[in-house]
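**Student:** Got a sequence here, can you build the structure:
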Amino acid sequence: MDTLHRAGERHEASEEPLLRLDGVVKRFPVATSSLLRRRRDVVHAVEGVSLDIRHGETLGLVGETGCGKSTLARCASRLYDIDGGSISFDRQDISNLSARNLRPIRRRIQMIFQDPYGSLNPKRRVGSIIADPLRIHDSVDRRDQKRAVQEAMELVGLNPEHYNRFPAEFSGGQRQRIGIARALVLRPELIICDEPVSALDVSIQAQILNLLSDLQKEFGLTYLFIAHDLSVVRHLSTRIAVMYLGRIVEVAEPEDLFANPRHPYTAALLSAAHVPDPDHALSRRRIVLGGDPPSPIHLPAGCSFHPRCPKRLDDCTDRVPQLAAAASGKRSGLVACRHALADGEELAQAAPALAGEGTVTP
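**Tutor:** Numbers count the residues shown, from 1 in each chain. Take a look at the predicted model:
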């Protein structure tokens, strides 16, 4: 697999992002009915997302369930057509490429799915599943496909002799390794990991995370890593992007984000994260946001977070805030908030201003 190693390293010195999302929009039509008439609304799944993913890095993407993380992943890989904005891969605009013209790009962008049970065809043998990308892209001579598949299986910690077994004969962690081998076999440059460990036991999660980290170091891979577990993202990521209701609200390096979050939503999210130290968990103050998340069909005016934000002011409804460098402080990163948290400021101090709408618990 020496060619895989070289493929991952050839852009190491490049400053240009490998993947660039610029104002990406994705909406899904939904039919709604009332007593008087039937109308068609849209779900605003992704609204104007702009992100750069650099060569060799891991960009973690976090947010609560339903915020649009998986939809964004499928847009980035062009599994979904986008409704606005643009997507560039290795300086090439792939936003509107036909299926035929996308073929050489698809072999360079692969995906690992969340469910290791549902993402594998139970009626097909593992060797055939992993070999599918090779057959589709005709990248390896048929006589060499078995050898390439067995090499990929060995790389992810599977016994190559189990080539002819069915998915049901493997555990959940082993099935996810099969999914990783399928993504790796084409020698990709970018792998999009859509919550690849959320369906696994904690002990198995650590094994899969270590495997992904080892593969990245060995082959120079680039990851877009999606998860809702903040500790997992912190362990693996070079930078972290926080998503809320279809929009990116903050981007920063892990240590900066966890030590000094800028966006109020990020601070509330971090306050709910699990802490391994019980003494620290008891001493910290947790922010419990008031109200319910707004509907993705009817987005609030201005900042989408303002109905639940302890720091909201009248001007928060004027316009949608754009990602920009924080106005003060030493920390690098971007935040989409007109009243971002300052250095050392705690959201808990602002929460009592919304008495009856949100609470702070010790």
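**Student:** okay, now residue 332: neighbour count?
**Tutor:** The tally of other residues near residue 332 (other CB atoms under 10 Å) stands at 12. (Glycine included, C-beta is placed from N, CA and C.)
**Student:** Which of the three states applies to it?
**Tutor:** Classification of residue 332 by DSSP: H, G, I helix; E, B strand; the rest coil places it in coil.
**Student:** Over to residue 338?
**Tutor:** Following three-state DSSP, residue 338 is assigned to coil.
**Student:** Apart from its neighbours in sequence, what residue is nearest it?
**Tutor:** Leaving aside its chain neighbours, residue 338 sits nearest to residue 321 (5.3 Å; criterion: CB to CB, 6 or more residues apart in numbering).
**Student:** Same question for residue 83.
**Tutor:** Spatial nearest neighbour of residue 83, excluding adjacent residues (CB to CB, 6+ apart): residue 25 at 4.8 Å.
**Student:** can you give me the mean pLDDT across the host helix or strand of the one you found?
**Tutor:** If you go by DSSP states H and E, residue 25 is part of strand 19-33. On average, the pLDDT along strand 19-33 is 90.
**Student:** Over to stretch 237-255?
**Tutor:** Along stretch 237-255, the predicted confidence averages to a pLDDT of 95.
**Student:** How about stretch 214-230?
**Tutor:** 93.
**Student:** mind listing what's buried in the strand holding residue 25?
**Tutor:** For strand 19-33, the buried set under the neighbour-count rule, 16 or more other CB atoms under 10 Å, comprises 19, 20, 21, 22, 24, 25, 26, 27.
**Student:** which element is the residue lying closest to the third one once chain neighbours are set aside on?
**Tutor:** When you say that, I think you mean residue 21. With CB to CB, 6+ apart as the criterion, residue 21 has its nearest non-adjacent residue at 4.6 Å, and that residue is residue 51. Per DSSP H and E, residue 51 falls inside strand 38-53.
**Student:** Please write out the alpha-carbon positions of the following helix or strand past that strand in PDB.
**Tutor:** Scanning forward in sequence from strand 38-53 by DSSP H and E, the next helix or strand is strand 58-62. The C-alpha trace of strand 58-62 is given here as PDB (Å, rounded to 0.1, in the frame of the first residue of the first chain):
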ATOM      1  CA  THR A  58      -9.000  16.900  11.300                       C
ATOM      2  CA  LEU A  59     -11.900  19.300  11.400                       C
ATOM      3  CA  GLY A  60     -14.300  18.300  14.100                       C
ATOM      4  CA  LEU A  61     -18.000  19.300  13.600                       C
ATOM      5  CA  VAL A  62     -20.200  19.300  16.700                       C
END
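**Student:** where's strand 58-62 relative to the chain centroid, distance-wise?
**Tutor:** In terms of CA atoms, centre = their mean, to the nearest Å, the centre of strand 58-62 is set 5 Å apart from its chain centre.
**Student:** Just the residues contacting the next helix or strand after it, thanks.
**Tutor:** Moving toward the C-terminus from strand 58-62, the next helix or strand (DSSP H and E) is helix 69-76. Here helix 69-76 makes contact (CB atoms under 8 Å, 6 or more residues apart in numbering) with 19, 21, 24, 26, 45-46, 49, 61-63, 80, 82, 87, 109, 111, 114, 192, 194-195, 224, 226, 243.
**Student:** let's see 6 Å
**Tutor:** 24, 26, 45, 46, 61, 63, 80, 82, 192, 194, 226, 243 (CB atoms under 6 Å, 6 or more residues apart in numbering).
**Student:** which residues in the stretch 251-362 of the chain form strands?
**Tutor:** The residue ranges that make up the strands of the stretch 251-362 of the chain, judged by DSSP state E, counting those that start in this stretch, are 286-288, 324-325, 334-335, 359-361.
**Student:** Average the pLDDT values over the first one and round to the nearest integer.
**Tutor:** For strand 286-288, the per-residue pLDDT values average out at 74.
**Student:** Then stretch 95-112?
**Tutor:** On average, stretch 95-112 scores 94.
**Student:** Just the endpoints, please. Distance across that stretch?
**Tutor:** Chord length of stretch 95-112, first to last residue, is 21 Å (CA to CA, to the nearest Å).
**Student:** All further residue positions should be reported with the first residue as 13.
**Tutor:** Okay, using 13 as the starting number, the last item reads as stretch 107-124.
**Student:** Can you list the neighbours in contact with that stretch?
**Tutor:** For stretch 107-124, using CB under 6 Å, 6+ apart, the contacting residues are 89-90, 98-99, 101, 106, 149, 191-192, 195, 198, 200-205, 208.
**Student:** of those, buried ones?
**Tutor:** Using 16+ other CB under 10 Å as the burial test, the contacts of stretch 107-124 include 89-90, 99, 101, 106, 191-192, 195, 198, 200-205, 208 as buried.
**Student:** circling back to that earlier point, wouldn't the residue nearest to residue 95 be in contact with residue 93 here?
**Tutor:** No: between residue 37 and residue 93 there is no contact, the gap being 11.0 Å when judged by CB atoms under 6 Å.
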